[in-house]
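>>> fold the following.
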Amino acid sequence: MSYSTKNYTADGGNRTVIGGVLEIAGGKVIKDGQEVSFGGNQSEPGPGSVTHEMLADKSVRSRNIGTGSVMEEHLNSSVLDRLKAIEDKLKELASSESDGKTE
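Below you'll find the predicted structure:
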């Protein structure tokens, strides 16, 4: 199927294809009944924003590191193995100190 314009609807009107630039001047974008934000300097992403929706699955961002919000289930096995090795070494050191031994 060919089109004489860059913008057209397809799939019985369920899909709109924009072949150029989409500019929303003074309007807003609504998804599932909520306004969607595409940027700006939001300190915390609000419901309906693209960032908020992506973070809903507990994804890790670099600014989350050290805040206690990084969940163990999202760490890969090599990181978990290193953490376990550190934990084991700390337990070993604590045990040797309590026994009066030092290395």
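>>> just the CA trace of stretch 79-89, in CSV.
These are the backbone C-alpha positions of stretch 79-89, laid out as CSV (Å, rounded to 0.1, in the frame of the first residue of the first chain):
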residue,chain,number,x,y,z
VAL,A,79,27.6,-9.2,41.6
LEU,A,80,25.8,-11.6,44.0
ASP,A,81,28.8,-13.9,44.1
ARG,A,82,31.2,-11.1,44.9
LEU,A,83,28.9,-9.8,47.7
LYS,A,84,28.6,-13.3,49.1
ALA,A,85,32.5,-13.6,49.1
ILE,A,86,32.8,-10.3,50.9
GLU,A,87,30.2,-11.4,53.5
ASP,A,88,31.9,-14.7,54.0
LYS,A,89,35.3,-13.0,54.5
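>>> buried set for that stretch?
Judged by neighbour count (16 or more other CB atoms under 10 Å), stretch 79-89 contains no buried residues. In this view, the C-beta of every residue, glycine as well, is placed from N, C-alpha and C.
>>> quick one: average pLDDT of that stretch?
The pLDDT scores in stretch 79-89 average 91.
>>> now the helices for the protein?
With helices called from DSSP state H, the chain shows them at 50-55, 77-98.
>>> list the buried residues of stretch 28-40.
36-37.
>>> hmm, back to that, distance to residue 37 added to the helices of the chain, as TSV?
As requested, those are exported to TSV (distance: least, CB to CB, whole Å):
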stretch	distance to residue 37
helix 50-55	7
helix 77-98	32
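>>> please enumerate the strands of this structure.
8-10, 15-17, 29-31, 34-36 (DSSP state E).
>>> can I get the ones you listed in JSON lines including distance to residue 84 and mean pLDDT?
Shown next, in JSON lines, are the strands of the chain (distance: least, CB to CB, whole Å; pLDDT from 0 to 100):
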{"stretch": "strand 8-10", "distance to residue 84": "52", "mean pLDDT": "88"}
{"stretch": "strand 15-17", "distance to residue 84": "48", "mean pLDDT": "87"}
{"stretch": "strand 29-31", "distance to residue 84": "42", "mean pLDDT": "83"}
{"stretch": "strand 34-36", "distance to residue 84": "41", "mean pLDDT": "83"}
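>>> thank you kindly, that will do.
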